[in-house]
Structures are given as structure tokens and as C-alpha cells.
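Enquirer: structure, please.
(chains A and B)
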Amino acid sequence: MRVSKMFMATQREVPADAEIPSHQLMLRAGMMKKVASGIYSFMPIGLRSYKKVENIIREEMDKAGAQELIMPAILPSEVYQASGRWDKFGPEMFRLLDRGGRQFCLGPTHEEPFTETVRDSIRSYKQLPVTLYQIQHKYRDEKRPRFGIMRCREFVMKDAYSFDADEAGLDISYQTMYKAYCSIFDRLGLDYIVVDADSGAMGGSGSQEFMVKNSVGEDGICYCDSCGYAANEEKATCQVLPSSREEAKDMTKVHTPNVKTIEELMAFMNSAPSSFAKTILYNIDGKIVGVMVRGDREINETKLANLYDATEMTLASFEDVERVTGAKVGFAGPCNLKEKIEIVIDNEVSSMNNFIVGACETDYHLMNVNIGRDFTPTHIEDVRTAVEGDACPKCGKPLSICRGVEVGHIFKLGTKYSKALNCNYLDRDGKENPMIMGCYGIGVGRTLAAVIEQNCDENGIKWPVAVAPYKAIVVPMKTNDDTIMGLANEIYETLLNDGVEVIIDDRNERPGVKFKDADLIGIPVRINVGRRAGEGIVEVNYRQSGEMVELDTLSAIEAVKNLK
RNA sequence: CGGGGUGUGGCUCAGGUGGUAGAGUGCUUGCUUCGGGAGCAAGAGGCCGCGAGUUCGAGUCUCGCCACUCCGACCA
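Expert: Sure, this is the predicted structure:
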């Protein structure tokens, strides 16, 4: 391709509404264009990289024995009704009516149609296992699209579904996908980390996320450098360190006027946060529950929701808090409650004694409270979020915390969908059983954005060769010099004939403009043809390393071909 | 869904107290340039987000709506 003919527009200025490097660079490099919030067009240069990611995924999935097919993006409501998700998805699902008034949606995820398809085609254990996948657009009316293609409303996802006769089979299918995912992200040159993830409302026996460390990531990752433990913050646990136990003292009520927050309480009492336990009231499926964690800790709502198998959980309303505690918000505690409610205490709180809590009386706290003597918890569980420095649950060394972008998620689904949709098979004994399912997703666009996040500098993108829109660019310094143009064209044609993805910047622009554009769109290797063209000498510049060497024409061509 | 912000050439933005729109960049043309986004000159390009209202007159004031965006909540 000749750059003079390319449909490409780079931008010098940073678009006003792009916050993170990958978003800014994708817009500046002219890879994509926003059409509406969270909805983007891909331009030729962007599409080339996009397809590279897709193809790497496709190759590794095929290698792992998964078979590609494609489902409609638009699906009738019945498909999601049997599983109950037509209602559960709520406003996040794009819904539409056909001319006859029948309800459809744009598929947000495809467990149901895959399950139906397999149900209708497979009857025997002899036909199992099978893993199917598609690379298809998904639609979710996100409350808040952001960060360009990191989180958008129309996005491409590779989603795969495995169907096995038993749990042992699922384990094998799952491991196969795990390995395929590692190969994919390795080939993309991503620095990633695999973390244990919360299974959430999906149930199932296990789930892991492939995370790319990044400060704008929407997930917190807890990991241990010593033993390799890694988990999503939602799921991460830690050891409870034994605290020094004092002899139980008499409980006393303290007047604490207008002291509501832990910070105010610390200042007022002149004590460490570890001597307080805060009590937060939640409304869990209509039931008010008190949850206690150490004063300086955060309640982990995912863990709490799992404990109660909650479908709807919010902080209790002010009215509920005042009714249950008999005090203004800020003075809740486990003692003297006006209504009998369940109390969940965090593991860490269970090791504390003589601590301070709200008195359930406006402007009062209780000192020297002790579990068992002063109140009895309903549950003692891990309900707090692990923080930097907590003891690793496996080895006890300090945990680290960072942010991450979820690029892949593998999931043991079990029988949730096969049971709901009667996706059964006949076993050796002629007995009918539900298939055991797994599902495996990779966000294609998000992965592409993650590659950019990890491969860029102030001048633009630094594509790994595997994802670069073109591998090489030939830059003639002057377009009106026959020697230079002749040699540049010769190199270009040779590379083209040798199957190298190469472009030639034949625009009548100053060299600086061409360099800036080549750097911005991130072509891995640039061949400058200039001053020494007459001697057959050119420059080979590497975008990743910034390295530059002068070589004769043939060596330069070899260098480009050898670049991996 | 709560709270904030912004809508003006393709892009980034300026336009006290109302008088029919500007800059930079990009684009076109010419000349001079030519190794890291050149210089000069001449051009093209705007329903000032939409709709009402006030006014002789609204980019500007009032009200309503919409879109985009940031923070939070939420997120198979």
C-alpha cells in the first residue's frame, strides 16, 4: 500500500474526551472513530490490528480443538426467557420489536443459544465432549461506557462454550482453554496475570480471569510475589493475624457528640483504628443484616452477597437504620438493637476484644465490648476486602494490590444452563443427564487496547510485530529524487513480493511529518531511504527499541524479514 | 441511577455587561523549503446541540429537552 492512497487521517492533537493512552492513541492514529457513546467504527489501519488479534485467538482456539461457528447478533426473547435472563438482564439489554410486535434483543452474551444448539444436536455421551466458539459482536447498554474500546456498548467477544459428560471432562476442557488463553496472550506479547475470580451469581465451581496490570483497570488484583497467589479483590482472602488479647474489661458507655465517622472517632478517642469495629447495615433481599469489620477495613460486598446468596443487596436506608438501631446514622452497633437482626462479623473482628462500637443511641459509643459476652454474632466469616500488606492466605507473606483490566475470563458453569434448557445426553446406561458446561470469553477490542497500553510512549504506539497493522514502512526522504525513489520502490516491491506487510510513504511531505506518523501508528520497523541511497545504503529504525542501523539494501531487507 | 462539567469550521479552543462569529491546527492553491509535525501568500469550510421564550435584535439572557463527558454507585 502506498501511503498517498491510504484512507488514513492522523491527528496531532489529543481528542478532548479521551482519558487513557490507548484511547487517545487509537483516535490520534486514526484507528477508529466514535459514532456514539461506547460505539466505534474501525478505520482500515485499526481494523488490520483488530483482525490480527482475532486471528491469533482463532488459531489458538482451533489448535485447542474448539470449533468456530456464528450465532445471530439479534435474537428472539424466547431464547433468554427459559433461563430467566430476559428479565434479569434489565435495562442493560438492547431490546427491539419486529414489525409484528415480537420481542428481540441484541445478544449480550450467548450461553442460551449455544446451549440450545447443542441440546438439539447432541444426544449421546459418544458425541461429547465438544467445545464451540464464535467471534461475534455483543451488545450491552452499559450504564457508563468509558475508556474508548475498553468498555463499550457494542464490542467483539470471542466466546466459547464447552459441553462435557461429567466434571472430570469439564476439568480437562477447562484446562485446555486455560492453556489456549496463555498461548494467545503470550503471542500478543501481553504482560498478564491469571487470578482467581468470584463465581458470582453464576454459581459454578471455579473461575479465573486473565488480567493485564494497568492503573486504569476496573478490577483490583491481590497477588503474592512469594508464592504466586493471585485473586480478584472481590475474592481475595488473607490470614487473620492473632491480636494481643487483653483481659475483658467492663463495658462502658461513652458520650461522643457528633462523632460519626471512624476518623472522627479515632481523633476523639485518641485510639488506633484497630480498636474499633464498625457496624454497617445492609438490606439483603429485604432483610436487614448488620455487618461488622474493623474500623479501618472495607466491607467486601461480593463476599457478603455470596454469603447470603443475595440477588439484591443495598445499604440499608436511613429510615431502616434509625428504626433498627433507635439512633441516628453513625451510631450502629451490635448491642441494644431495637430489632433482632442477623449480625455478621468479619474473621478479623472475631480476634478482637475490648473494642469500641456504636451504642445504638445517638451520640454514644460503647467501649470494651466483647464477643459472646455482650453480643452473639450469627456468622463469623471473611467479609472484608484484603488490602496491601495483608498476610497471603497461602504463605503468609505480605500481599500486593494493583489494578487490572480483565481481558479474558474462563468459567466452570456446571449445569445451570443445561438444566434450565434441558440440554441433556444419554449416558452408557441409557440414563439422561444434564451436560456439564464451561464458558470462556475474551474481549477482542479490550485486548487490543491493553496491548497499546503496554506498548506506547509519548510519540505513539509501539506495536509488537504480531499485532502491527503493517510490519514495515519504507520512507523515501525526498519524493522528487529519482535515486531515492527508485531505491525506495525497489525495497518496497521486494518486501511486498516476499510476503512482508509493508507500506511506502510516498507522500510529498517533509521527513519529519512521515517520521511522526510512522511513530504514531507504531509500525515496528522503518526503512529510511535518503542521503546514501546512491551507495545503496539505507537506515533501519526499530520502533520498540529506538535502535537505528545503517545497512546495505539486501541486509536491510533481511533485517525486516527477520524481525519477530 | 446520584453529583459535577461541556456542547461554536475536521481537531483543540476563544468569544465581560445582547448588535448576525474568531484563532491555532488541518484542508485547497502558488512560491520558497526539505533528516523529527517548515515559511510566506491567497482560499474553501459554521442551522454557534435542539426547541420554545424575552427582545427591534440571542452564540450570549430564561425555561425545557438532547447529546457527550468526568466522579461515584452498578457491572455475565
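
Enquirer: shouldn't A:Tyr161 be in contact with A:Gly438?
Expert: Yes. A:Tyr161 is within contact range of A:Gly438, at 7.1 Å (criterion: CB atoms under 8 Å). From N, CA and C alone the C-beta is placed, and that goes for glycine too.

Enquirer: A:Gly330 and A:Gly358: what is the separation?
Expert: 7 Å (CB to CB, to the nearest Å).

Enquirer: before we move on, what about A:Leu69?
Expert: Per CB to CB, A:Leu69 is found 58 Å from A:Gly358.

Enquirer: hmm, which helix or strand of chain A has the shakiest average pLDDT?
Expert: Least confident element among the helices and strands of chain A, by mean pLDDT, DSSP states H and E: helix A:262-269 (a mean of 76).

Enquirer: right, and the helix or strand after that one?
Expert: Remark: after helix A:262-269, the chain's next helix or strand is strand A:277-284, criterion DSSP states H and E.

Enquirer: okay, the angle between that following strand and helix A:262-269?
Expert: For strand A:277-284 against helix A:262-269, the angle by axes from the mean of the first three to the mean of the last three CA atoms, to 10 degrees is 150 degrees.

Enquirer: show me the contacts for the closest residue to A:Gly522 other than its chain neighbours.
Expert: Leaving aside its chain neighbours, A:Gly522 sits nearest to A:Ile461 (3.1 Å; criterion: CB to CB, 6 or more residues apart in numbering). Contacts were defined as CB atoms under 8 Å, 6 or more residues apart in numbering; by that measure A:Ile461 touches A:25, A:29, A:452, A:455, A:520-522.

Enquirer: beta-bridge partners for A:Ile461, please?
Expert: When bridges are called by DSSP bridges, A:Ile461 pairs up with A:Cys456.

Enquirer: comparing A:Leu69 and A:Gly358, which residue is more hemmed in?
Expert: A direct count of neighbours by other CB atoms under 10 Å for A:Leu69 and A:Gly358 places A:Gly358 higher, at 29 against 10.

Enquirer: who touches the more buried one in this structure?
Expert: Contacts of A:Gly358 (CB under 8 Å, 6+ apart): A:278-279, A:325, A:327, A:330-333, A:364-366.

Enquirer: let's go with 6 Å and repeat that
Expert: Residues near A:Gly358 by CB atoms under 6 Å, 6 or more residues apart in numbering: A:279, A:331-333, A:365.

Enquirer: ok, the residue lying closest to it once chain neighbours are set aside to RNA strand B distance?
Expert: Nearest in space to A:Gly358, with sequence neighbours left out and distances taken as CB to CB, 6+ apart, is A:Gly333 at 3.7 Å. Distance of A:Gly333 to RNA strand B, given as CB to the nearest atom of the strand, to the nearest Å: 23 Å.

Enquirer: same deal with A:Val14?
Expert: Taking CB to the nearest atom of the strand as the measure, A:Val14 falls 7 Å from RNA strand B.

Enquirer: now do the strands in the stretch 401-550 of chain A.
Expert: A:424-426, A:432-434, A:436-443, A:456-457, A:460-461, A:472-476, A:502-504, A:525-529, A:537-542, A:548-552 (DSSP state E, counting those that start in this stretch).
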